[in-house]
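1. Next input, structure requested:
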Amino acid sequence: MSNILERSFKVLEHLAIHPEGKAISSLAAELDMPLSATHRLLAELSRCGYVRQEHSQGNYMLTIKLVSLGLGFLSASGIVDIAQPLLDHLAAESGELVRLGVVDGDELTFVAKAQGALRGLRYDPDMGLSVNLSCSAAGHAWLATMSDEQALALVSRQGFGQPADFGPNAPTTVKALLAHLENTRNNGFSRIVEVFAPGMSAMAAPIRRGNGPVIGVVTIAGPLMRLTEERMEALGPALLQTTHELAMTSSGSALLKNRG
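-> Numbers count the residues shown, from 1 in each chain. Just a heads-up that it's a prediction; the model follows:
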């Protein structure tokens, strides 16, 4: 049974990054699964409403059922009601993309956002994906609250990002990553320039009640031509105020409260 469940989730996760759908043969090959087993899984997932087969080419793709479950969960948790006004305010003040990430076990996932850029380049990467810890401002803000040993253990499980997939300044060694974390601890928030993506910069701070565990992070991200080092330094107090207010009000959200 566990093998069937594992394979089912592998299929769902793979289809999630291929919204155009996948032919059954491609799906089986890419997931290293027998064609017959892949067909049975897709038939069951289709019966349960999580997958549908596109008629013209026969590709299998996700339905919106998983999205509906996720949105329903976030709505019931109260996180949107609690966090959105604070994110909106920070986005308006910064003029950039502001996001809330929630700690879930060993992962950090963005669950809410506010867009402050009214014109020009709008930076808005995909939501709902697990954050790369070594190459993101959010990851650095969370890792910096741990000991170096704990931080490196998490990164070793996930792996270092490569500049070809992220930005030219993405840290690829322990020494480079620890330098970022030390700067974050000294500043109270993280700042990265062309680490997550070329031409982009970002900053982040953890949400934490007292000395308790980190329950999430808030990030500000935008193009380097606007979100310069000086601009990030100036926005530091507003970012820290937002995380402080979220920490103080997090008991109103079951999702955030249960992280504490």
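
2. for this structure, what spans make up the strands?
-> Along the chain, counting by DSSP state E, strands occupy 51-53, 60-62, 97-104, 107-115, 190-193, 200-208, 214-223.

3. May I have the beta-bridge partners of the residue nearest to L240 when sequence neighbours are not counted?
-> With Cβ to Cβ, 6 or more residues apart in numbering as the criterion, L240 has its nearest non-adjacent residue at 5.5 Å, and that residue is A205. For glycine as for every other residue, the C-beta is placed from the backbone atoms N, C-alpha and C. Beta bridges link A205 to V218, judged by DSSP bridges.

4. H140 versus A205, what's the distance?
-> For A205, the distance to H140 equals 10 Å [Cβ to Cβ, to the nearest Å].

5. Please identify every residue contacting each of those two.
-> Between them, A205 and H140 share these contacting residues under Cβ atoms under 8 Å, 6 or more residues apart in numbering: S190.

6. In PDB, list the C-alpha atoms belonging to stretch 215-230.
-> Taking C-alpha atoms only, stretch 215-230 is exported to PDB below (Å, rounded to 0.1, in the frame of the first residue of the first chain):
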ATOM      1  CA  ILE A 215       6.900  29.600  12.200                       C
ATOM      2  CA  GLY A 216       7.500  31.400   8.900                       C
ATOM      3  CA  VAL A 217       9.300  34.200   7.000                       C
ATOM      4  CA  VAL A 218       8.300  37.300   5.200                       C
ATOM      5  CA  THR A 219      10.200  38.300   2.000                       C
ATOM      6  CA  ILE A 220      10.400  41.300  -0.200                       C
ATOM      7  CA  ALA A 221      11.700  40.600  -3.700                       C
ATOM      8  CA  GLY A 222      12.200  42.700  -6.800                       C
ATOM      9  CA  PRO A 223      14.500  43.700  -9.700                       C
ATOM     10  CA  LEU A 224      17.900  44.800  -8.600                       C
ATOM     11  CA  MET A 225      17.600  48.100 -10.400                       C
ATOM     12  CA  ARG A 226      14.900  49.100  -7.900                       C
ATOM     13  CA  LEU A 227      15.600  46.900  -4.900                       C
ATOM     14  CA  THR A 228      19.200  48.000  -4.400                       C
ATOM     15  CA  GLU A 229      21.300  47.200  -1.300                       C
ATOM     16  CA  GLU A 230      20.600  50.700   0.000                       C
END
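
7. all helices for this protein, in order.
-> 2-16, 24-30, 35-47, 65-77, 79-94, 137-143, 148-158, 174-187, 229-249, 254-257 (DSSP state H).

8. Of these, which stretch is the most buried?
-> Highest mean neighbour count of the helices of the chain: helix 137-143, a mean of 29 (counted as mean count of other Cβ atoms under 10 Å).

9. H244: which of the strands of the chain is closest?
-> strand 200-208 (8.5 Å; Cβ to Cβ).

10. got a list of what H180 touches?
-> With Cβ under 8 Å, 6+ apart, H180 has these contacts: 140, 171, 190, 192, 195.

11. quick one, what contacts the second one?
-> Spelled out, it's P171. 134-135, 160, 177, 179-180, 195.

12. for the fourth one, same thing?
-> I192 sits next to 136-137, 140, 167, 169, 180, 201-203 when contact means Cβ under 8 Å, 6+ apart.

13. same thing but at 10 Å, please
-> 135-141, 166-167, 169-171, 180, 183-184, 200-204, 219, 221, 232 (Cβ atoms under 10 Å, 6 or more residues apart in numbering).

14. Which phi and psi values does A144 adopt?
-> phi -70, psi -20 (degrees, to the nearest 10).

15. L133: what's it in contact with?
-> L133 touches 106-108, 139-140, 142-143, 151, 154-155, 157-161, 177, counting by Cβ under 10 Å, 6+ apart.

16. what's the answer for P198, then?
-> So P198 contacts 163, 166-169, 224 (Cβ under 10 Å, 6+ apart).

17. And the pLDDT for G105?
-> Looking at G105, its pLDDT is 80.

18. do the same with K10
-> Confidence for K10, expressed as pLDDT, is 89.
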